Each structure stands twice: as structure tokens, then as C-alpha cells.
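Q: here's a sequence, model it:
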Amino acid sequence: MKARKNAKRSQPLCHSGPVEVIPNLFCGSLGESIQMVSPPLLVEVLVPLDSLDAKIWALGFRGEILYFPIEDYGILPDEVLADLVSKILDRLHSGKKVGLFCLGGHGRTGYVASAVLGKLGYEDPIGFLRKKYCGRAVESNAQISHIAQFLDRPELFDEYVLQSMHSGLYDCFGFDWEAFVKTDSSPVCGNCTRFQEGICWEYEVLIGEDQDACHAFSERLNDGQKDRRRIGYK
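A: Model (predicted):
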């Protein structure tokens, strides 16, 4: 990976293994879901937001599966999120262990977990989750915005969307957020020629398409240009 201009490396702020963020609510990645159903955790309710490893059956899991798929960096419809959060809260209140996970255990997991924590009365569920669980929790502005709307907490939008360039995702990679500079027109990464399938090829990091673009922004002109980028041409 090439060195990033004017960027500082630091220790990544990322989770390791399933984390019990509050009693009986575990967050993690797809790979860590196997640990969730294994001793000593023995989670009784799995909530996959991306996919599910069939190895759980061989490990003896016979519990409940609440499958609510979400696109990477995406959100759920309002009523679907409300239904999912209600189901998770019901299981937690009944004393069951709930395992919440997506592919990497960051954006979608953080999004749903923040909604659950907010309904449980946590004033700053995103901040709590990033400290207790993972600095990468909740990855996109769309997720932050929906959390604020769902919880009727507009201050969460102000606090975290405005800081999205130097929180969560970037901190995990150890980059100094000040290396990012908005252009006058405030373009987004999804409209940049250096963005492809969730990756910024300028700095070779994962990034949401709706993130504010940095100083290296190059406007995407047409599909032909995008295709050339895909096969490696500048």
C-alpha cells in the first residue's frame, strides 16, 4: 500500500472477537459469529445483517435467526428498522443472548446496535459503541442520519456526520483526518474516478460513496472512464 500524503499512522481502533457491548448483546463480524454460538458465549439469537455461516448447525446451534439483510453502508426502511429493534429488545428483555453481526462487524452492525442502544436510553449510542466496541462502528453518513432520525436525536447528526471524515473508519486506518480537504462544491467519493466498489484507490482504503471527497477528487465523467479505472488504467 502506498504511503498516504501528509497522513500519520497510529494504532488501529478495531474490535477483536465478539464484544458484549451491554449484558447479553454481542456485536461482531461474520467470522466472529461462529464464536458467538460456541462455548462459552452460546448466543441464542443470531441477527445476521449480511449473510450466515452454515457451520453454526454443526456447532449445535438450534436457536433463533432474525435475518435482516442490509446493503453495505446502507440502511433499512423506517418500519423495518423499528421491527428489528423491537424484536431485539424483546429477546434482551427476556434474558436471551443476542448476536448482531454483518460482514466486517462495523457499519451495519454499528447502525443497528446504535438504534437498539438509543431505545434503551443511551444518550450517545454511537459514541458509546465506538468506545466500548469498535472505533469503526457506523460507517456512513446515511447510517448516522437514520439513527438520529429513528431516535429523534438530531444532535447525533450534528455531532457525527460533521465529524465523519475523522471518526470511525479513518481512525481505524490510523489516518490524520486533516489530510482531507473539502472542495468548494463538496463532491462525494462516489463521484470520483478513484472510487470503485467501496474502495478509494487513491489511498487504498475502504470508504463510503457518500463521504465528502478529499483534495485528490477527480470528477467521474462517464462509464467508459469508470471501466478504464476498473481494469487498472489511470
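Q: from now on I want contacts and neighbour counts done on CA atoms only, so please keep to that.
A: Fine.
Q: mind listing the strands for this protein?
A: Counting by DSSP state E, the chain has strands at residues 19-22, 25-28, 45-48, 64-65, 98-101, 195-196, 199-200, 205-206.
Q: for stretch 50-68, the distance to its chain's centre please.
A: 21 Å (C-alpha atoms, centre = their mean, to the nearest Å).
Q: if I pick the residue most central in space within the chain, what's in contact with it?
A: The C-alpha lying nearest the average C-alpha coordinate of the chain belongs to G107 (C-alpha atoms, centre = their mean; 0.7 Å). Listed by C-alpha atoms under 8 Å, 6 or more residues apart in numbering, the contact set of G107 reads 72-73, 136-140, 143.
Q: and the pLDDT at D53?
A: We have a pLDDT of 96 for D53.
Q: just checking, S145 touches D158?
A: No: judged on C-alpha atoms under 8 Å, S145 makes no contact with D158 at a distance of 9.1 Å.
Q: now the longest helix along the chain - C-alpha only, CSV.
A: The single longest helix within the chain, with elements called by DSSP state H, is helix 78-93. Presented in CSV, the C-alpha positions along helix 78-93 are these (Å, rounded to 0.1, in the frame of the first residue of the first chain):
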residue,chain,number,x,y,z
ASP,A,78,-38.0,3.0,8.8
GLU,A,79,-40.7,0.4,9.6
VAL,A,80,-38.3,-2.5,9.1
LEU,A,81,-35.7,-1.0,11.4
ALA,A,82,-38.4,-0.4,14.0
ASP,A,83,-39.5,-4.0,13.7
LEU,A,84,-35.9,-5.4,14.0
VAL,A,85,-35.1,-3.2,17.0
SER,A,86,-38.3,-4.2,18.7
LYS,A,87,-37.5,-7.9,18.2
ILE,A,88,-34.0,-7.5,19.6
LEU,A,89,-35.3,-5.6,22.6
ASP,A,90,-37.9,-8.3,23.3
ARG,A,91,-35.2,-11.0,23.2
LEU,A,92,-32.9,-9.0,25.5
HIS,A,93,-35.7,-8.3,28.0
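Q: so which of the contacts of G107 wins on neighbours?
A: Neighbour counts for those peak at V138, which has 31 neighbours (criterion: other C-alpha atoms under 10 Å).
Q: quick one: residues contacting it.
A: If a contact means C-alpha under 8 Å, 6+ apart, then V138 has 106-111, 126, 144, 168 as its contacts.
Q: go again with 7 Å.
A: 106-108, 110-111, 144 (C-alpha atoms under 7 Å, 6 or more residues apart in numbering).
Q: could you do I207 as well?
A: Applying C-alpha under 7 Å, 6+ apart to I207 gives the contacts 198-200.
Q: PyMOL command for the buried members of the residues you listed?
A: Of the contacts of I207, the buried ones go into a single PyMOL selection, burial set by 16 or more other C-alpha atoms under 10 Å:
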select buried, resi 199+200
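Q: make JSON lines out of the contacts of I207 and add pLDDT and distance to K131.
A: Output for those, formatted as JSON lines (pLDDT from 0 to 100; distance: C-alpha to C-alpha, whole Å):
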{"residue": "G198", "pLDDT": "75", "distance to K131": "25"}
{"residue": "I199", "pLDDT": "75", "distance to K131": "25"}
{"residue": "C200", "pLDDT": "76", "distance to K131": "26"}
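Q: before we move on, back to that, closest one to S33 out of the contacts of G107, please.
A: A137 (16.7 Å; C-alpha to C-alpha).
Q: gap between the residue nearest to the centre of the chain and A54?
A: According to C-alpha to C-alpha, to the nearest Å, G107 and A54 sit 23 Å apart.
Q: low-confidence regions, the chain specifically.
A: Confidence mapping of the chain against pLDDT under 70 gives the ranges 1-13, 162-185, 197, 202-205, 220-234.
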